[in-house]
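Asker: My questions concern the predicted model and sequence given below.
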Amino acid sequence: MKQTLNNILTIVFFLLLFSKSNAQSLQELINATLENNYQISISKNEANISANNNTLGNAGFLPSLDISGGYSNSLNNTRQVFADATIREGIGAENTNLNASAILNWTVFDGFSVHAKRDQLSHLQNLGEFNSKFYIEQTVADVVVAYYQLVYETKLLKSYQQALEISAFRLKIAKKKREIGSSTIIDYGQAEVDYQTDSIRLLAQQNTIQLLVIEINRIANNELEQSIDVTNTDFNTNTIPNLDTLKKLIVNNNIQLTQQRLQELITETELRITIANRYPTVNLYGGYQYTKTTAEVGFLNANQTYGPTIGLNISFNLFNGGNTNREIKNLMLQNDNTKLTKAQVTKDIDANLLSSYHQYRSIMTQIRLAESNVEQMTKIYTTAQEQLKRGTINGYDFRLTQLNLLENQLKLTQLQYILKTIEVNLNRLSGSILTKFF
């Protein structure tokens, strides 16, 4: 009956995990995420908005052209008394007014604000593109780490499955010994408790994997219960460059550093735009105007004017309550903050690099030792299993050997998973994440 329960647990898990036929590998998951992830789509749209805003017209380089026109008609009761006592009256006198104009206005000088604005728009466009790329890199890193967490959890499941099979084997032997009277009820009861404990652990691990599959599908915007192919349970860790090479890659390719450099440039352009308020503004305008009025009562029955117009406007603010100076001071402080933020981000990235790199080297050594431990414990377990069959070792000692082997297997798997996450993090820091996994 216990072996039947064991088989049922395994079958139920694989029915749950692979209930959908559209299994996805890591590469397929990354492709689906880049195509369907909501936040990636939002970041791309925001980048496109920044690109759309980067125009000469938005910067203020181009003139504006306005066309206007109007027509009015009125009926008025009018009584006019002139200096010579002449009186003119009209009841329901009709007055009309027709006007049309086309005016071109061009700011030819505004303290070089348009040049600063143009630079700012270009920086904002670049920042939008790098913001989108940053989120894409971060999301790909998250998907890769989540996928290899699934590999890790699946390997744990396999170890728990093997432990359950061993417990079932031990329970079967304890049951036979009890039937022939060569074992105590305590030995049989302990074997049964250990089997049930391993069954509970297996069920909990199945649930952990199912929740992880749902989370990965949420990120990729797939059907939440769609299966994920983890038939290849190797971590496939790649060799990372040396520390000096990683530092150079980070300086040249790290998106966060690029974002901070662009933020610094944007703050500087904002300061240039505000300083431009200290200079005069020169506007040229020209156009064509047409006006025609008619009146049944008055000096003129009709009046018509038309023709081109051209002019020059110069404005210069002499005093605005000190607001320009205040804004400049605040922007200079903001510029200092941007530089400080950039320095802080640089320091954080350097610390992340050093800690990850040294941890990577340490774990490589730990993995070699853990592999040796697993190999040695496997030999010990094989010997203990034979001794259990011959009855030269009790169930308690065999259980200790079993748990020791399981503990060393899990430690090795955990180290391999941690090493993979560090590799992914170093690839993200050095701007290589898309090259490695996409």
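Answerer: Cool, got the structure. Residues are numbered from 1 along each chain as shown.

Asker: Distance from the chain centre to the one helix or strand Asn131 maps to, please.
Answerer: If you go by DSSP states H and E, Asn131 is part of helix 113-180. Taking the mean of its C-alpha atoms, helix 113-180 sits 16 Å from the chain's own mean (C-alpha atoms, centre = their mean, to the nearest Å).

Asker: Need the mean per-residue confidence for the next helix or strand after it.
Answerer: Using DSSP H and E, the helix or strand that follows helix 113-180 in sequence is helix 185-220. What helix 185-220 shows for mean pLDDT is 91.

Asker: same check, this time on stretch 393-400
Answerer: Here stretch 393-400 scores 84 as its mean pLDDT.

Asker: same check, this time on stretch 290-307
Answerer: What stretch 290-307 shows for mean pLDDT is 82.

Asker: Not counting its neighbours along the chain, what's nearest Ile275?
Answerer: Counting by C-beta to C-beta, 6 or more residues apart in numbering, Ile328 is the residue found nearest to Ile275 once chain neighbours are left out, at 6.2 Å. C-beta coordinates here come from the backbone N, C-alpha and C atoms, glycine included.

Asker: Over to Leu415?
Answerer: The spatially closest residue to Leu415, leaving aside those adjacent along the chain, is Ile367, at 4.9 Å (C-beta to C-beta, 6+ apart).

Asker: tell me the contacts of the residue nearest the centre of the chain?
Answerer: Residue closest to the mean C-alpha point of the chain, counted by C-alpha atoms, centre = their mean, is Tyr135 at 2.8 Å. Residues in contact with Tyr135, defined by C-beta atoms under 8 Å, 6 or more residues apart in numbering, are Gln39, Ile40, Ser43.

Asker: among those, which ones are buried?
Answerer: Buried members of the contacts of Tyr135, scored by 16 or more other C-beta atoms under 10 Å, are Ile40, Ser43.

Asker: from the contacts of Tyr135, which is closest to Thr305?
Answerer: Looking at these and their distance to Thr305, the nearest is Ser43, at 56.3 Å (C-beta to C-beta).

Asker: OK, contacts around the closest one?
Answerer: Contacts of Ser43 by C-beta under 8 Å, 6+ apart are Asn131, Ser132, Tyr135, Ile136.

Asker: residues contacting the second one?
Answerer: It refers to Ser132. Contacts of Ser132 by C-beta under 8 Å, 6+ apart are Ile40, Ser43, Lys44, Glu46, Ala47.

Asker: Next, the second one: phi, psi?
Answerer: It stands for Ser43. phi -70, psi -40 (degrees, to the nearest 10).

Asker: Tell me how far it lies from Ser50.
Answerer: Separation of Ser43 from Ser50 (C-beta to C-beta, to the nearest Å): 11 Å.

Asker: Is the residue nearest to Ile275 part of a helix or strand, or is it coil?
Answerer: Judged by DSSP: H, G, I helix; E, B strand; the rest coil, the three-state class of Ile328 is helix.

Asker: any idea how far it lies from Gln334?
Answerer: Distance of Ile328 to Gln334, given as C-beta to C-beta: 11 Å.

Asker: residues touching the closest residue to Tyr147 other than its chain neighbours, list them.
Answerer: Distances taken as C-beta to C-beta, 6+ apart place Leu26 nearest to Tyr147, at 4.9 Å, with adjacent residues excluded. Taking C-beta under 8 Å, 6+ apart, we find Leu26 in contact with Val143, Val144, Tyr147, Phe437.
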